[in-house]
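# only geometry, no sequence info:
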């Protein structure tokens, strides 16, 4: 990586672009947590997607085993 040229200032993202990307990444992380992680780990399924995908059942089994 020492032979890579430095980017020009014009090629770098602006502060509004970075802020927008950060907000979108946060929204994506929350969506994944609510639709996949919570049903699979804790059997909490606020959207119903976990039941359709079979993740809520997996969470219920984990809770029974613990």
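That came through, no problem. Given the structure is predicted, the values throughout are model-derived calculations rather than measurements.
# what distance do you get for the spatially most central residue of the chain to residue 35?
When Cα atoms, centre = their mean is applied to the chain, the residue found nearest the centroid is residue 29 (2.6 Å). According to Cβ to Cβ, to the nearest Å, residue 29 stands 11 Å off from residue 35. (C-beta placed from N, C-alpha, C; glycine too.)
# how far away is the residue lying closest to residue 44 once chain neighbours are set aside from residue 13?
Using Cβ to Cβ, 6 or more residues apart in numbering and skipping the chain neighbours, the partner closest in space to residue 44 is residue 38 (4.4 Å). Look at residue 38 and residue 13: by Cβ to Cβ, they are 32 Å apart.
# which of the two has more neighbours?
Applying other Cβ atoms under 10 Å to residue 38 and residue 13 shows that residue 38 carries more neighbours, namely 19 against 10.
# tell me which element the more buried one is part of?
Using DSSP states H and E, residue 38 falls within helix 38-42.
# report the buried residues of that helix.
Residues of helix 38-42 classed as buried by neighbour count (16 or more other Cβ atoms under 10 Å): 38-40.
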